[in-house]
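J.: Can you look at this prediction? I've put the sequence above it.
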Amino acid sequence: MSGYICTCADAAVEPAGRRGGQGKIRAGQGTQLSLLAAGLVACHGSAPSAPVLPVTPRRTWSQADIDVLAGRLDSLREVARIPGLSVALIESGRVVLSRGFGFANLERRVAATDTTPYNIASVSKPLSAVVALRLTELGQLDLDRPMASFAGFAEFCQAVHEGGGIFFKDYDCSAATLTLRRVLSMTSNGVPGTRFFYNPPAYSWASRPLAEVAGKPFSSLVRQYVFEPAGMRRSARIHRQLPLSPELAAALATPYHLDSTSQAVVSDPPPPQGDGAAGGVISTVADLARFDLALEAGSLLTATSRAAMWTPTTGPDGKPLPYGLGWFIRTVRGEGLIWHTGLWEGAYSALYLKIPARGVSLILLANSDGLQFPTPLDGATIETSPFAMALLNALPH
């Protein structure tokens, strides 16, 4: 589950590309993925079209800008004692940086690269939101249908209320306004639609309605509507009844945590989960870059659906809440940000940050929880992420 609870210190900038890590794509060399994005619609004739997103006219990234950012991210990795960090940076439909720093496995000295697979935890939520909106486009799903009308919801509510905990103490299962839209926008607690409260277990159960209306397992829907059209060939769903392929399992970044002396030691893998919408994806930064390009190119959703996904929910006072459909949304330092984080405490962490007006996306995957940063369950404070601030500080002006 997500919800970051600790911080990382600051560090000095050091030169990029100085230790373990491979797979770098330099500025202007993102042609392969750019062509992939351009060709996705042609390869999938039934996919919706999309317009070009507005991009604020500013100076583009130079190779020096990219090298400085890469060095800064590696410095922050060292401060947070993250064994392995994989990075992808996209600008205006081009992958301008795609590489790894450190090690996917310390003991065997296996370098982290852009094709190293990680458990991306709650960064799965945006992918799940794409599935929900695609089913809506196809006329199979109504986001405003009450949750109580879906099979198994009464049993789910009984179980979570009996189990107690912070996520369901004010969760009104009988409310007619408790709809799938409220669950996907993290406004399902209290009076549905009136306030933001980050609720991963409720979001996870949203996979059930999607599978019900489509008549397919949720993981099959992710493969059909995300992995395949985006060309994410090194990504997979994983749950109790769906193990990883031997190839991906062998390549998976080893999870680590810090012991009492701040040394990285191997962690147990995350425990098996159900086929839920809140997590359950193994991916690489190269594949998530393909997802980003496909999403922007319109091969996954129409422009209308994409805009709905990235529009913050409005509270009763007319002010925006910090979440759309599967994404955090806020303005920071005058920049409109869209992002999601992922965390398996003591094992993996992730950050996927977009600045749509600049056409910029940053994707970070780590094999420890070192990307985590403090943010409350009822708020969104990305300013406390030194990795996110490194991107904002590096933006060309």
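T.: Looks like it came in fine.
J.: so Arg99 is in which element?
T.: Assigned by DSSP states H and E, Arg99 belongs to strand 94-105.
J.: which helices and strands sit right next to the helix or strand just after that strand?
T.: Helices and strands here follow DSSP H and E; after strand 94-105, the next one along the chain is strand 110-111. Judged by 3 or more CB pairs under 8 Å, 6 or more residues apart in numbering; DSSP states H and E, the packing partners of strand 110-111 are strand 94-105. Where C-beta positions appear, they are placed from N, C-alpha and C, glycine not excepted.
J.: CA atoms only for the strand it packs on, dumped as PDB, please.
T.: Extracted in PDB, the C-alpha atoms of strand 94-105 (Å, rounded to 0.1, in the frame of the first residue of the first chain):
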ATOM      1  CA  ARG A  94      10.900  11.600 -26.600                       C
ATOM      2  CA  VAL A  95      12.700   9.500 -24.000                       C
ATOM      3  CA  VAL A  96      15.700  11.600 -23.300                       C
ATOM      4  CA  LEU A  97      17.100   9.600 -20.300                       C
ATOM      5  CA  SER A  98      16.600   5.900 -19.600                       C
ATOM      6  CA  ARG A  99      19.100   4.100 -17.400                       C
ATOM      7  CA  GLY A 100      19.900   2.700 -14.000                       C
ATOM      8  CA  PHE A 101      22.100   3.600 -11.000                       C
ATOM      9  CA  GLY A 102      23.500   1.200  -8.500                       C
ATOM     10  CA  PHE A 103      22.500  -2.500  -8.300                       C
ATOM     11  CA  ALA A 104      19.500  -4.600  -8.800                       C
ATOM     12  CA  ASN A 105      21.300  -7.300  -6.700                       C
END
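J.: For the chain, which segments count as helices?
T.: 31-43, 63-79, 124-137, 153-163, 180-184, 200-205, 207-214, 218-222, 228-230, 246-251, 285-297, 303-309, 386-394 (DSSP state H).
J.: Which among those is found nearest to Gly93?
T.: helix 31-43 (5.5 Å; CB to CB).
J.: Leaving out chain neighbours, which residue sits closest to Ala175?
T.: Distances taken as CB to CB, 6 or more residues apart in numbering place Pro192 nearest to Ala175, at 5.4 Å, with adjacent residues excluded.
J.: burial of the one you found, as a residue count?
T.: With neighbours defined by other CB atoms under 10 Å, the count for Pro192 comes to 21.
J.: Check the one 4 residues further on too.
T.: Counted with other CB under 10 Å, the burial measure for Phe196 works out to 21 neighbours.
J.: Chain neighbours aside, what residue packs nearest to it?
T.: Per CB to CB, 6+ apart, closest to Phe196 is Leu321, 4.3 Å.
J.: which residues sit in contact with the one you found?
T.: 185, 187, 195-196, 312-315 (CB atoms under 8 Å, 6 or more residues apart in numbering).
J.: Dump those to JSON lines, plus pLDDT and distance to Phe218.
T.: Shown next, in JSON lines, are the contacts of Leu321 (pLDDT from 0 to 100; distance: CB to CB, whole Å):
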{"residue": "Ser185", "pLDDT": "98", "distance to Phe218": "19"}
{"residue": "Thr187", "pLDDT": "98", "distance to Phe218": "22"}
{"residue": "Arg195", "pLDDT": "96", "distance to Phe218": "27"}
{"residue": "Phe196", "pLDDT": "98", "distance to Phe218": "24"}
{"residue": "Pro312", "pLDDT": "97", "distance to Phe218": "26"}
{"residue": "Thr313", "pLDDT": "96", "distance to Phe218": "23"}
{"residue": "Thr314", "pLDDT": "96", "distance to Phe218": "29"}
{"residue": "Gly315", "pLDDT": "94", "distance to Phe218": "30"}
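J.: Determine which two of those residues are furthest apart.
T.: Applying CB to CB across the contacts of Leu321, the maximum distance is between Arg195 and Pro312, 12.7 Å.
J.: out of those two, which sits in the busier spot?
T.: Relative neighbour count places Pro312 above the other of Arg195 and Pro312, with 21 against 17, counting by other CB under 10 Å.
J.: Surely Trp258 touches Val266?
T.: Check again: residue 258 is Leu, not Trp. No - with contact defined as CB atoms under 8 Å, Leu258 does not reach Val266; the gap is 11.6 Å.
J.: So between the two, which is more surrounded?
T.: Per other CB under 10 Å, whichever of Leu258 and Val266 has more neighbours is Leu258, with 18 against 15.
J.: Distance of that one relative to Ala347?
T.: Spatial separation of Leu258 from Ala347 under the definition CB to CB, to the nearest Å is 12 Å.
J.: For Pro126, which residues are in contact?
T.: Per CB under 8 Å, 6+ apart, neighbours of Pro126: 309, 326-327, 340, 352.
J.: just Ser349 next, same as before
T.: So Ser349 contacts 121, 341-343, 366, 368-372 (CB under 8 Å, 6+ apart).
J.: Out of the residues you listed, grab the one that's most surrounded.
T.: Ala366 (31 neighbours).
J.: doesn't Val87 make contact with that one?
T.: No - applying CB under 8 Å as the test, Ala366 and Val87 come out as separate, 9.9 Å apart.
J.: what residue ranges in the protein are flagged as low confidence?
T.: 1-59 (pLDDT under 70).
J.: Point to the residue nearest the middle of it.
T.: Nearest to the mean C-alpha position of the chain, counting by CA atoms, centre = their mean, stands Val123 at 2.3 Å.
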